[in-house]
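> give the three-dimensional model of this entry:
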Amino acid sequence: MVMVWFTQCALLSVRRGDANNDHSIDMLDILYLIDFVYNSGPEPTPHPLMGDANGSGSVNLMDMLYLISYLYDNPPGPPPPISFNYGEYEF
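Here you go, the predicted structure:
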């Protein structure tokens, strides 16, 4: 008899920098981060690290500047890194 164990995993469609979780990175994400960092607004969803656009491990002014560079520099800045740790899962 052969026993096989299957592990279930969830695939989430998430991107660093998409702070408002609308599936696009735009000026609304920058405004969302400004509200979160400086006005105690709601956390980025589904996890606070969604606002960590530059991958530093925290959400701060540098993430907003990173997104501005990504969106408006000519040529555009580098896209936000894709993976981050969410609990025991890595995205």
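> so where do the strands sit in this structure?
Per DSSP state E, the chain carries strands over the ranges 85-86, 89-90.
> tally of neighbours for residue 45?
Look at residue 45: counted by other C-beta atoms under 10 Å, it has 15 neighbours. C-beta here means a position set from N, CA and C on the backbone, and glycine is covered the same way.
> do you know the pLDDT at it?
Here, the pLDDT recorded for residue 45 equals 85.
> on that earlier part again, out of the strands of the chain, which gets the lowest mean score?
Least confidently modelled of the strands of the chain is strand 89-90, at a mean of 49 by mean pLDDT.
> which residue is the nearest non-sequential neighbour of residue 26?
What sits nearest to residue 26 in space, not counting adjacent residues and going by C-beta to C-beta, 6 or more residues apart in numbering, is residue 71, at 6.9 Å.
> how close does the residue nearest to residue 29 when sequence neighbours are not counted sit to residue 74?
Using C-beta to C-beta, 6+ apart and skipping residues adjacent in sequence, the residue nearest residue 29 is residue 19, 4.5 Å away. According to C-beta to C-beta, to the nearest Å, residue 19 stands 24 Å off from residue 74.
> which one of the two has more residues nearby?
Each of residue 19 and residue 74 has its neighbours counted (other C-beta under 10 Å); residue 19 has more, 32 against 5.
> ranges for the helices of the chain?
Counting by DSSP state H, the chain has these helices, from start to end: 27-39, 61-72.
> what is the neighbour count of residue 33?
Residue 33 is flanked by 25 other residues according to other C-beta under 10 Å.
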